[in-house]
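Engineer: give me the fold of what follows.
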Amino acid sequence: MKNKAALVASVTVLSLVVGVGIAKITGYWRTEGSKVPIKISRGEFEGESDPGDIRGSYSFTDIEAAFGIPPEMMAAAFGMPEGDPEQMKAKNVEETWGEMEGGMEVGTDSVKLFTALWTGLPHDAEDTSVLPTAAVEILEAYQRIDAAQAAELRLTAVALPNAAGGEAAPAESDQPAQSDDHEIPDRMVRGLTTFGDLKGWGVTEEMWLEKFGEPMGSRAASMKDFAEDTGMPVSEIKALAQDMVDSGA
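Structural biologist: Down below sits the predicted model:
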């Protein structure tokens, strides 16, 4: 009888070990507290983090680590109350806004949608999920979507009043300058401009190395990130980067 019980226990343990091992290999094993989204497993974006795997427990800092969106940008896009953006979570968006008039919802899936649009990664949003007007404005201002996409998103976008009774917007220091007719200057380097943006504007690794003596960061890293890593003033980095962009225009 004891031998039989020991055999059953051994088989149970072995099954668990094998099951966990397979789950880890296939990417389905997630330890408690894990804040790293799974990778897209097939197609054009294979190997990229999946915006659809963002959970309500993900902080804006977790999202920044995975997708390169500054917490301040996320907080501004979703009109979040005053506080530390780095500590805010996707579920706080749902708790703050949730179901809107007409059955639409600004919640965790809206965060997934904004992240997908910012990064250019795919996400099939729920039919009831919408973005705040501020989020659409930010996506267009930072050239993450084109005018046609912005116009389509505005059809369902909702205005979210902030504490001052206005629409949330990026901080003035980070918001791209706009002319009187509200056109966004093309290829203007800002603190939140990423290396992906620069590469798309014709800046090469060789050009960057010649100016800075340091390699370019990841495509999601911003000029602010580079300034923090190197200790250089962000204003100097932006000026030199702008020269490179203009010389290649």
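
Engineer: the strands in this structure, which residues?
Structural biologist: Under the criterion DSSP state E, the chain contains strands at 98-99, 105-106.

Engineer: so how far is the last one from its chain's centroid?
Structural biologist: Relative to its parent chain, strand 105-106 has a centroid offset of 18 Å by CA atoms, centre = their mean, to the nearest Å.

Engineer: run through who's touching that strand.
Structural biologist: Here strand 105-106 makes contact (CB atoms under 8 Å, 6 or more residues apart in numbering) with 78, 93-94, 97-100, 126, 128-132, 158, 160. (Glycine included, C-beta is placed from N, CA and C.)

Engineer: from these, which ones fall inside helices?
Structural biologist: 93-94 (DSSP state H).

Engineer: so how do I select the buried members of the contacts of strand 105-106 in ChimeraX?
Structural biologist: Buried residues within these, by 16 or more other CB atoms under 10 Å, are selected in ChimeraX with:
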select :78,93,94,97,100,128,129,130,131,132,158,160
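
Engineer: now, which of the contacts of strand 105-106 sits nearest V203?
Structural biologist: Set against V203, the nearest of the contacts of strand 105-106 by CB to CB is L131 (30.0 Å).

Engineer: okay, the closest one: pLDDT?
Structural biologist: L131 is assigned 96 on the pLDDT scale.

Engineer: any idea how far it is from A239?
Structural biologist: According to CB to CB, to the nearest Å, L131 and A239 sit 33 Å apart.

Engineer: cool, and D84?
Structural biologist: To A239, D84 is 30 Å away according to CB to CB.

Engineer: check A159 too.
Structural biologist: 36 Å.

Engineer: and if you look at G56?
Structural biologist: On the measure of CB to CB, G56 and A239 end up 41 Å apart.

Engineer: more crowded one of the two?
Structural biologist: Set G56 next to A239 and count neighbours by other CB atoms under 10 Å: G56 wins out with 15 against 11.

Engineer: any idea how many residues pack against the nearest residue to the more buried one once chain neighbours are set aside?
Structural biologist: For G56, ignoring the flanking residues on the chain, the nearest one in space by CB to CB, 6 or more residues apart in numbering is K91 at 3.2 Å. The tally of other residues near K91 (other CB under 10 Å) stands at 16.

Engineer: ok, now which ones touch K91?
Structural biologist: Contacts of K91 were listed using CB under 8 Å, 6+ apart, and they are 56-57, 108.

Engineer: and if you look at F212?
Structural biologist: Each residue near F212 by CB under 8 Å, 6+ apart is listed here: 230, 232, 237, 240.

Engineer: what's the burial count for A125?
Structural biologist: 17.

Engineer: K112 is in contact with that one, correct?
Structural biologist: Yes - between A125 and K112 there is a contact at 7.0 Å, judged by CB atoms under 8 Å.

Engineer: low-confidence stretches in this structure?
Structural biologist: For the chain, applying pLDDT under 70 flags the ranges 1-34, 161-186, 249.

Engineer: could you chop it up by domain?
Structural biologist: Domain assignment for the chain by automatic domain parsing gives 1-29, 51-154, 195-247.

Engineer: Serialize those to a markdown table and add fields for distance to V189.
Structural biologist: Formatted as a markdown table, the domains of the chain follow (distance: least, CB to CB, whole Å):
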| stretch | distance to V189 |
| --- | --- |
| domain 1-29 | 37 |
| domain 51-154 | 12 |
| domain 195-247 | 4 |
